[in-house]
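1. Below is the sequence, then the predicted model.
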Amino acid sequence: MEGRGTRQRRSPVLNRPNAAKRHLQQQQQQQEADFHDKKVIASTYFSIEAFLVLACLAVSLLILPLVLPPLPPPPSLLLWLPVYSLDECLWLGESTIIESMRQFVRAVVEVFGDEYPRAPNEEDTAHLFDMNQRRGFLGMLGSIDCMHWRWKKCPTAWSGSFTSHVNAPTIILEAVASQDLWIWHAFFGIPGSLNNINVLHRSHLLDNLAASEAPKVQYSINGHHYTMGYYLADGIYPKWATFVKPIQSPIGRKWQHFVVQQAVARKDVKRVFGVLQARFPIVRGAARFWDQETRNDIMTACIVMHNMIIEDERPEGEVKHVYEGAGKLESQT
């Protein structure tokens, strides 16, 4: 037992005011050092993540072509491989791969979105007229149609407005394509329960024509003079001068031949949808993202890379046009 005269000893640091201040400063410096170490670790982690993503692309370029059949273009690797397939070989978690994919498609949209896809200017219109004149459709700008992309993560409250004829929630992509499979117009984000006419009324396909800002064209067919191009469409589209639809009951060989040729040329946009889904299975499968921005970025990135592939695969003698006044993929807001 301690005696009555025994005093409780205090910490020597607390006995002196200056020592207490130094002790607090040391604690603050230690906290700042720990915070700095965490920042260094975080930056190192993201650097490693970027390195692994680049390593995936390098593997697709150098190694995989030697042991596997031809793969899609390297930029589409993150869209081509399933999420779980990179877990074991590269030690990347599912969330890391998904976030890397989001950053990848966002970068593609920000860097190349102003160039691909783009609305045709006067030089493009002349090129399209020359291409389609050889097919017997002078004045044709392309074929128009819609594609449904299934939305797996559609909220239950929205499933009614997004459910289409396939009995599942879908999102509509409206596109205009030419014979070389180039996508000139894309409008994405409309609920799947709407038809092609509703999508057309919401898209901006004919805004330039309505505002008298479309490229000036002049051509004559059967003695009639025209000053605007047209698109090949199916029977659901309205009877406008900008749409050439099939004849329901053709009489005579002349009209029957026209119906056959119109159906053949109108399949260009169908071919584009098939090639787009074949190159990017993420578009062929169901959409698994909740937010609209990510879905729009994925679709835009796939269309951009599709047009880049079409441009790269053109014959060497063919002129590669430079386009100005381009616009990004239009989406429903």
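-> Everything's here; your move. Numbers count the residues shown, from 1 in each chain.

2. got the phi/psi numbers for Ala263?
-> When read as degrees, to the nearest 10, the backbone of Ala263 gives phi -70, psi -40.

3. pLDDT-wise, which helix or strand of the protein ranks last?
-> For the chain, counting by mean pLDDT, DSSP states H and E, helix 64-67 ranks last in confidence among helices and strands (a mean of 42).

4. Output the contacting helices and strands for the helix or strand that contains Arg266.
-> Following DSSP states H and E, one finds Arg266 within helix 252-279. When contacts are defined as 3 or more CB pairs under 8 Å, 6 or more residues apart in numbering; DSSP states H and E, helix 252-279 sits against strand 140-150, strand 170-177, strand 230-232, helix 281-284, helix 292-312. C-beta coordinates here come from the backbone N, C-alpha and C atoms, glycine included.

5. any idea which of the ones you listed scores lowest on pLDDT?
-> Ranked by mean pLDDT, the helices and strands packed on helix 252-279 end with helix 281-284 in last place, scoring a mean of 84.

6. Put the alpha carbons of that helix into PDB.
-> C-alpha atoms of helix 281-284 as PDB (Å, rounded to 0.1, in the frame of the first residue of the first chain):
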ATOM      1  CA  PRO A 281     -21.000  -9.300 -77.900                       C
ATOM      2  CA  ILE A 282     -21.700  -6.800 -75.100                       C
ATOM      3  CA  VAL A 283     -24.300  -5.400 -77.500                       C
ATOM      4  CA  ARG A 284     -25.500  -8.800 -78.600                       C
END
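
7. Would you mind finding the most buried of the helices and strands packed on helix 252-279?
-> Highest mean neighbour count of the helices and strands packed on helix 252-279: strand 170-177, a mean of 24 (counted as mean count of other CB atoms under 10 Å).

8. Could you please name the strands that one pairs with and the direction of each pair?
-> strand 140-150 (antiparallel), strand 183-191 (antiparallel) (DSSP bridges).

9. Using JSON lines, lay out those strands together with distance to Gly252.
-> Converted to JSON lines, the strands paired with strand 170-177 look like this (distance: least, CB to CB, whole Å):
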{"stretch": "strand 140-150", "distance to Gly252": "23"}
{"stretch": "strand 183-191", "distance to Gly252": "34"}
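
10. For Val108, find the nearest of these.
-> Val108 lies closest to strand 183-191 among the strands paired with strand 170-177, at 14.2 Å (CB to CB).

11. which element follows the closest one toward the C-terminus?
-> Strand 183-191 is succeeded, C-terminally, by helix 196-202 (DSSP H and E).

12. what does that next one contact?
-> 145-146, 172, 174, 187, 190, 234, 236-238, 332 (CB atoms under 8 Å, 6 or more residues apart in numbering).

13. now stretch 204-211
-> 119, 144, 174, 176, 185, 187, 214, 228, 242, 330.

14. contacting residues for the closest residue to the fourth one other than its chain neighbours?
-> It refers to Val176. Spatial nearest neighbour of Val176, excluding adjacent residues (CB to CB, 6 or more residues apart in numbering): His185 at 3.9 Å. By CB under 8 Å, 6+ apart, the contact set of His185 is 117, 119, 142, 144, 174-176, 203, 205, 330.

15. If we use 10 Å, what do you get?
-> Residues counted as contacts of His185 (CB atoms under 10 Å, 6 or more residues apart in numbering) are 117-120, 141-142, 144, 174-177, 203-206, 231, 327, 329-330.

16. distance of it from Glu174?
-> The spacing between His185 and Glu174, counted by CB to CB, to the nearest Å, is 7 Å.

17. ditto for Phe112
-> 21 Å.

18. low-scoring stretches of the stretch 1-150 of the chain, by residue?
-> 1-21, 23-24, 27-28, 30-93 (pLDDT under 70).

19. can you rerun that using 50?
-> 1-3, 11, 13-14, 38-49, 57-79 (pLDDT under 50).

20. Same question for the stretch 201-333 of the chain.
-> Ranges of the stretch 201-333 of the chain meeting pLDDT under 50: 321-329, 331, 333.

21. Please repeat the previous calculation with a cut-off of 70.
-> Using pLDDT under 70, the stretch 201-333 of the chain drops low at 316-333.

22. For His225, grab the count of nearby residues.
-> 8 (other CB atoms under 10 Å).

23. where does the residue nearest to it when sequence neighbours are not counted fall, phi/psi-wise?
-> Using CB to CB, 6+ apart and skipping the chain neighbours, the partner closest in space to His225 is Gln218 (7.1 Å). Reported as degrees, to the nearest 10, the phi and psi values for Gln218 are phi -150, psi 130.

24. next one: Ala286
-> phi -80, psi 140.

25. In contact with the residue nearest to it when sequence neighbours are not counted, which residues?
-> Excluding the flanking residues, the one nearest Ala286 by CB to CB, 6+ apart is Lys152, at 3.7 Å. If you count contacts by CB under 10 Å, 6+ apart, Lys152 has them with 168-169, 285-289.
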